[in-house]
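>>> Output the structure for:
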Amino acid sequence: MNKPRYSALLLSATSAAVLSLALGAGARAADQAKHTVSREIGKDLQAAQAADQKGDYQEALSHLDKANSYAKKTPYDQHTINELARYAYLKTKNYDAAVKPMESLIDDGFTDPGEVKNLIKDLGVIEYQKMNYDKSVQYGERAIKGGFADATTYTLVSQSYYLKGSYRDALKFTRNLVDDQVKRGEMPKETQLEIILNSCIKLNDQQCTTRALEQMVSYYPKPEYWQNLITEMYNTKEAENNDSDMLNIYRLAADVGALKQAHEYADMAQLSLELGFPGEAQRVLEKGFGQNIFTDQHVRERAQRLLTKAKQGAVTDQTSLPKLEKEAASSATGEKDVAVGTAYLSYQKYDEAVMALQQGIMKGGLKNAAEAELMLGIAQLKSGNKDAAVKSFKGVKTDDPVMQRLANLWTVRARGQGGTVASR
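Below you'll find the model as predicted:
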């Protein structure tokens, strides 16, 4: 399974405003006129501010250390020291040292409420960078409960839960986040869906993993995500004992780019031949040879034999199609119409396939109505009628769990084509 790819989290801007420090009885600033710094440390604070302004942050910190050594500092003196120190530490990227003055600024009663919010969010980022995930979650949750969290805050909390091993919390938090985004018509971030997926895997919850993978391919239909879903289906007992189901799994794999291994190409071609679709077998094998898939000599020789047989069979099959069409037209049941439609589908004649399959389904009397409905949906999707395809896939009703699952996945596939995916 794919591991989460964590996005880079950037420290938000926290530069302190230039302070107008009061010396003696002067005011600090217009909005804090009643607060003044003590005369004894005013000179050091003024020197620290001047050093900050010219970019000499080490000198500023040296003056602040001296100011901090005064035993008779007032709470407001300490607030001013912390504000200047916070600024200098952040400018020098000394985030470890910045934490203490920032924490003090939050609760000292002098910091503007708006700045307190920024400090809380920034502390969440710093603690995350320090790999102190418990504290990162603490500050993130505080911002969320306070109603001033931003997108970075939510990402921090989600990733922090996962990285500290709280997989249930990571799953619950991130799933709620994604569900809210979907309700608002927004597209979830890939990293968020990966956290959900990997939390499910860590919790060894197969149902959760399957649901997460389906959500992944709904929004980010990458072959590797599809491959995880399809590999799971290859290994089911139902598919192993049903050649038709296995071929249909291969068909989905080929369509989503998850057919990767040489033996998969050869096995799909062999099943196509055995079940009467030589044109499909020929197309799959020619694609494999075109992509130089068959590097192993034994598999290559097998594939070459199958290709020769497929080409011969395709010629005979296409020659017999007009006769089968006439027989289907006079047949009371739809079985032969479905056979014609599926043959046309294998030759990528999608409009003809749709017409024949619809006719067969309408007549009824089918041995496998669910598969006929599935083939109709695929033909409709290939012909560009996504809405009709989704309707057909949803019309598949069967006791065969593999066929039902395939219908659901083709629905996901159809919805994932052509832009934003609808909520499921």
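
>>> ok, which stretches of the stretch 201-350 of the chain are strands?
For the stretch 201-350 of the chain, applying DSSP state E, counting those that start in this stretch gives no strands.

>>> pLDDT below threshold where in it?
Within the stretch 201-350 of the chain, no stretch has pLDDT under 70.

>>> What are the boundaries of the helices in it?
For the stretch 201-350 of the chain, the helices defined by DSSP state H, counting those that start in this stretch cover 206-219, 223-234, 237-240, 243-256, 262-274, 278-290, 297-329, 335-346, 350-363.

>>> and stretch 352-372, what's its mean pLDDT?
Stretch 352-372 shows a mean pLDDT of 96.

>>> buried sites along it?
Under the neighbour-count criterion of 16 or more other Cβ atoms under 10 Å, stretch 352-372 has 352-354, 356-361, 363, 366, 369-372 buried. Using the backbone N, CA and C atoms, a C-beta is placed for each residue, glycine as well.

>>> so which two of the residues you listed are the farthest from each other?
Using Cβ to Cβ, those span at most 21.8 Å, a distance reached by Glu352 and Ala370.

>>> Please identify which of the helices of the stretch 201-350 of the chain is closest to Asn94.
helix 206-219 (39.3 Å).

>>> From the chain's centroid, how far away is that closest one?
Centroid separation for helix 206-219 versus its chain: 10 Å, with Cα atoms, centre = their mean, to the nearest Å.

>>> what inclination does that helix have with respect to helix 243-256?
40 degrees (axes from the mean of the first three to the mean of the last three Cα atoms, to 10 degrees).

>>> other SSEs contacting helix 206-219?
Secondary-structure packing of helix 206-219 (3 or more Cβ pairs under 8 Å, 6 or more residues apart in numbering; DSSP states H and E): helix 190-202, helix 223-234, helix 401-415.

>>> which non-adjacent residue is nearest the most centrally placed residue in the chain?
Taking Cα atoms, centre = their mean, the centroid of the chain lies closest to Glu190, which sits 2.6 Å from it. Using Cβ to Cβ, 6 or more residues apart in numbering and skipping the chain neighbours, the partner closest in space to Glu190 is Tyr220 (5.1 Å).

>>> cool, and Leu197?
Ala212 (4.0 Å).

>>> Contacts only, for that neighbour.
Residues near Ala212 by Cβ atoms under 8 Å, 6 or more residues apart in numbering: Leu193, Ile196, Leu197, Cys200.

>>> and with 10 Å instead?
The neighbourhood of Ala212, defined by Cβ atoms under 10 Å, 6 or more residues apart in numbering, consists of 1, 171, 175, 178, 193-201, 205, 225, 228.

>>> For ChimeraX, write the selection for the buried entries among those.
This is how ChimeraX selects the buried members of these, with burial counted by 16+ other Cβ under 10 Å:
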select :171,175,178,193,194,195,196,197,198,199,200,201,205,225,228
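
>>> Domains of the chain: list them as residue ranges, please.
According to automatic domain parsing, the chain comprises the domains 38-218, 225-415.

>>> what does stretch 312-321 rub up against?
In contact with stretch 312-321 (Cβ under 10 Å, 6+ apart) are residues 272-273, 276-283, 310, 324, 339-340, 343-344, 346-347, 349, 352.

>>> Adding distance to Gln78, write the helices and strands packed on helix 206-219 out as TSV.
Shown next, in TSV, are the helices and strands packed on helix 206-219 (distance: least, Cβ to Cβ, whole Å):
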stretch	distance to Gln78
helix 190-202	40
helix 223-234	53
helix 401-415	58
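
>>> How about Lys367, nearest residue that isn't a chain neighbour?
Here the residue nearest Lys367, using Cβ to Cβ, 6+ apart, is Glu335, at 6.5 Å.

>>> what do you get for Lys311?
Here the residue nearest Lys311, using Cβ to Cβ, 6+ apart, is Gln282, at 5.6 Å.

>>> I'd say the one you found and Gln348 touch.
No - with contact defined as Cβ atoms under 10 Å, Gln282 does not count as touching Gln348 (11.3 Å).

>>> higher neighbour count, the two?
Neighbour count, other Cβ atoms under 10 Å: between Gln282 and Gln348, Gln282 has more, with 25 against 12.

>>> check contacts around that one.
Gln282 touches 269, 272-273, 306-315, 346-347, counting by Cβ under 10 Å, 6+ apart.

>>> Restrict the strand or helix carrying Leu376 to CA atoms and write it as CSV.
Using DSSP states H and E, Leu376 sits within helix 369-382. Extracted C-alpha coordinates of helix 369-382, given in CSV (Å, rounded to 0.1, in the frame of the first residue of the first chain):
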residue,chain,number,x,y,z
ALA,A,369,-28.4,-10.4,-16.7
ALA,A,370,-26.0,-8.8,-14.3
GLU,A,371,-23.0,-9.2,-16.6
ALA,A,372,-25.0,-8.0,-19.5
GLU,A,373,-25.9,-4.8,-17.6
LEU,A,374,-22.2,-4.4,-16.7
MET,A,375,-21.1,-4.8,-20.3
LEU,A,376,-23.8,-2.2,-21.4
GLY,A,377,-22.4,0.2,-18.8
ILE,A,378,-18.9,-0.3,-20.1
ALA,A,379,-20.0,0.2,-23.7
GLN,A,380,-21.9,3.4,-22.8
LEU,A,381,-18.9,4.8,-20.9
LYS,A,382,-16.6,4.0,-23.8
